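below are the sequence and a predicted model for it; my questions follow.
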Amino acid sequence: MEKLLQQSSKSSMWRYFQKTTETEVQCKLCEAKLAYHKSTTTMHSHMRAKHPCESGGPSSQQQSIASFATRRRTCDDRRAEQTASLISKMIAKDMLPISFVEGEGFRSLMAFVEPEFSVPSRKTITTRLEKLFDDKTSELRTQLTNVEKVSLTTDSWTALTTESYVTITCHYIQSWKIQSAVLQTKAMPERHTAENIANVLSTATDHWGIRGKVIACVHDNASNMIRANTEHVEWDSQPCFAHSLQLAINDGFKLQHINNVVTSASRLVSHFHHSTTATQALKQKQQLQHLPEHKLIQYCRTRWNSIYDMFPRLLEQRWAISAVLSDRAFTKLSDARTLELTDNSWSVMEELMPVLHSLKHATTALCGESAVSISMVYPVTATLISKHLKENEGESPKVSQFKRSVSASLERRLAPTDVCSAGKVAYIASFLDPRHKHLRFTSDDVKVAVQAKVSDLLSSRPEPELVEAVAVEPEETELRAKKPRSDAASVSAIAALFGEDYYKEDTTDIESELNRYCQDKCPPPQIDPMDWWKTNENKYPQLAKLASAYLCVPATSVPSERVFSTAGLIVNRLRSRLHPVHVDIEKSWIYICFRSGGCWGQSGGSYCRIFEY
């Protein structure tokens with residue numbers, strides 16, 4: 001009997017089963033219990049039916065289930081390299097601390113998944129990230145070499161380590177697709193004076209070889225940023241539209257009666273956020289009144305649109321809130337008197353919602369990275385002033401005053417009707433956007449001034465240089481007998497014979513192209529101007545070059561701000577010891593490789609994916 005058991009225990013099935021009793025065995029994989037009658041037939045049937053992938057050939061020695069699972073493949077050099085590369089990319093993409101690879105849990109996981117793989121050290125991962133960064137930097141430099149014009153966005157931010165960082169993002173058009181790349185995210189320990197900021201920007205453009213290619217830099221409305229981009233550099237200054245709009249809206253919220261409503265509403269929301277009793281009571285009242293069980297939204301002072309989110313939620317839950325405040329089991333009378341909003345406050349919130357809704361749409365429309373946005377600045381501003389901020393009969397005087405305040409602030413900050421604005425990047429871009437080229441939103445004087453500015457830009461474009469031909473060897477000449485021979489001497493002779501004026505673009509041709517463009521029918525507003533120019537590039541060749549230069553400018557500095565929204569996670573408590581150089585490497589490389597799945601840019605969806613993995 002003992003001999004029979006020893007023979008049966010040699011079966012490969014005993015790697016997957018263990019005896020629980022003399023007449024029962026249990027599967028080690030799924031813990032199923034089977035009847036045992038001195039035979040492994042039932043075990044074989046179970047393995048074929050439930051675990052077909054695990055039933056391999058017989059083994060001479062028993063193995064633990066873990067060791068068997070890890071024996072299925074070897075980790076050769078090629079697989080080891082792929083695994084190490086994927087770990088490096090995971091560290092960057094998921095914004096993990098580099099020390100993650102030294103964690104006991106991660107190493108245990110890798111020991112089970114790839115027991116023959118040696119997990120890279122922190123130093124090795126750092127080296128790999130630096131190598132990846134260098135490779136992508138080289139590829140971007142090649143891309144920028146072939147681009148005629150670019151624009152920049154910039155912003156600053158302070159890490160948990162109290163180190164100040166400045167990011168610079170580059171935008172350009174290639175094959176009529178908007179593309180974007182982070183040029184740098186670097187520490188700026190010196191004072192943020194206009195001169196120092198301008199020096200950082202100029203150094204970056206020199207480093208990337210784009211100094212003479214920059215059309216404009218988009219920045220916030222801080223005085224040092226404005227001075228840096230107007231007094232110390234050669235490109236145009238373009239204040240961030242989102243920041244300008246926020247400042248204008250904040251001017252409206254500063255009105256005493258509007259500010260009182262916002263403050264009272266914020267205090268009410270804060271009460272529910274800080275009281276578990278009030279929160280539970282609100283939930284009960286919502287259920288009784290069959291209202292959505294939504295939480296109240298708190299106002300954030302740095303984001304005006306949080307007011308837009310707070311007001312409708314309060315209006316939605318008004319009667320549930322009132323029920324909680326009037327119930328003495330949940331709210332003291334003294335607290336209720338302090339927290340309860342007046343009927344007038346509720347009315348002001350309700351009347352403000354359509355106005356805030358329009359302002360929210362304006363912000364959303366111009367904060368995209370994938371679509372042309374700079375050409376929308378003045379059309380949107382003019383529409384807000386003439387339509388959405390226009391006073392209506394019967395509305396509350398408080399709401400009318402809010403509209404007047406925001407409208408006046410926009411007029412002061414953007415000067416949409418001032419002829420002096422005609423030379424600004426945003427106005428030129430509006431003309432070069434076929435959807436807005438009629439400039440119907442502005443005065444005739446501004447229209448004429450904008451067209452004159454565009455005409456000057458076309459006339460001042462550098463003429464294409466004559467390329468001198470290289471003398472061809474006799475043997476090669478025989479192979480090209482059908483082509484006219486040209487050498488440096490003949491080219492010079494032709495140039496001298498006809499004169500420089502012969503090769504210059506006729507101004508009448510430029511004016512003709514400009515007139516044809518103006519007379520051509522405007523496409524529908526839903527048409528992508530990039531697609532339109534791709535189709536009409538040969539029809540308007542001079543204007544197409546200008547459009548490619550100006551339409552790449554973003555309306556807002558949001559691309560740079562978004563870098564910092566994730567950079568804050570990079571220099572967080574786990575990564576607070578990152579050297580500033582590695583912050584730049586990690587932030588830029590993440591943006592390069594993983595924006596919208598793997599590219600320099602994003603497209604609402606996706607910019608053109610240059611670098612796929």
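That came through fine. Numbering: from 1, shown residues only.

which of the helices and strands in this protein ranks last by mean pLDDT?
Every helix and strand of the chain was ranked by mean pLDDT, DSSP states H and E. The lowest is helix 474-479, at a mean of 38.

wait, Ser266 sits on Met310?
Yes: counting by CB atoms under 8 Å, Ser266 touches Met310, with 7.2 Å between them. Placement of C-beta: from N, CA and C, glycine included.

now list whatever residues contact both of these two.
By the contact definition CB atoms under 8 Å, 6 or more residues apart in numbering, Ser266 and Met310 are jointly contacted by Gln298, Tyr299.

those two: which is more packed in?
Legend: neighbour count by other CB atoms under 10 Å for Ser266 and Met310, higher for Met310 (21 against 18).

A helix includes that one, no?
Yes: under DSSP: H, G, I helix; E, B strand; the rest coil, Met310 falls within a helix.

what sits against it?
Ala265, Ser266, Val269, Leu296, Ile297, Gln298, Tyr299.

could you measure it against Ser264, distance?
Computed with CB to CB, to the nearest Å, the distance linking Met310 and Ser264 is 11 Å.

please apply the same query to Leu109.
52 Å.

compare these two (neighbour count), which wins?
Ser264 (17 against 12).

ok, now how distant is the more buried one from Ile258?
On the measure of CB to CB, Ser264 and Ile258 end up 11 Å apart.

same check on Gln82?
On the measure of CB to CB, Gln82 and Ile258 end up 59 Å apart.

break the chain down into its structural domains.
According to automatic domain parsing, the chain is divided into the following domains: 2-69, 241-416.

how far out from the middle of the chain is the longest one?
Put simply, domain 241-416 sits 26 Å off its chain's centre (CA atoms, centre = their mean, to the nearest Å).

all helices for the stretch 301-450 of the chain, in order.
Applying DSSP state H, counting those that start in this stretch to the stretch 301-450 of the chain gives helices spanning 305-316, 318-326, 333-339, 343-366, 377-383, 397-414, 425-432, 444-459.

and the strands in the stretch 1-150 of the chain?
Using DSSP state E, counting those that start in this stretch, the strands of the stretch 1-150 of the chain run over 17-21, 24-27, 33-35, 150-158.

buried residues in the longest one?
By neighbour count on 16 or more other CB atoms under 10 Å, the buried set for strand 150-158 is Val150, Ser151, Leu152, Thr153, Thr154, Asp155, Ser156, Trp157.

which pair in those residues spans the largest distance?
Greatest spatial distance among these (CB to CB): Val150 and Trp157, at 22.4 Å.

about what we covered before: JSON lines for the strands of the stretch 1-150 of the chain, including distance to Ser223 and mean pLDDT?
Listed next are the strands of the stretch 1-150 of the chain as JSON lines, based on distance: least, CB to CB, whole Å; pLDDT from 0 to 100:
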{"stretch": "strand 17-21", "distance to Ser223": "77", "mean pLDDT": "86"}
{"stretch": "strand 24-27", "distance to Ser223": "74", "mean pLDDT": "87"}
{"stretch": "strand 33-35", "distance to Ser223": "78", "mean pLDDT": "86"}
{"stretch": "strand 150-158", "distance to Ser223": "14", "mean pLDDT": "88"}
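
out of the ones you listed, which comes closest to Glu395?
With CB to CB as the criterion, Glu395 lies closest to strand 150-158 of the strands of the stretch 1-150 of the chain, at 37.0 Å.

so after the closest one, what's the next helix or strand?
Per DSSP states H and E, strand 150-158 leads on to strand 164-174 as the next helix or strand towards the C-terminus.

what packs against that next one?
On a contact count with 3 or more CB pairs under 8 Å, 6 or more residues apart in numbering; DSSP states H and E, strand 164-174 meets helix 122-145, strand 150-158, strand 177-187, helix 194-207, helix 558-570, helix 580-594.

what's the average pLDDT for it?
Mean per-residue pLDDT for strand 164-174: 92.

may I have the strands that pair with that strand, each with its orientation?
Looking at strand 164-174 with DSSP bridges, its partner strands are strand 150-158 (antiparallel), strand 177-187 (antiparallel).
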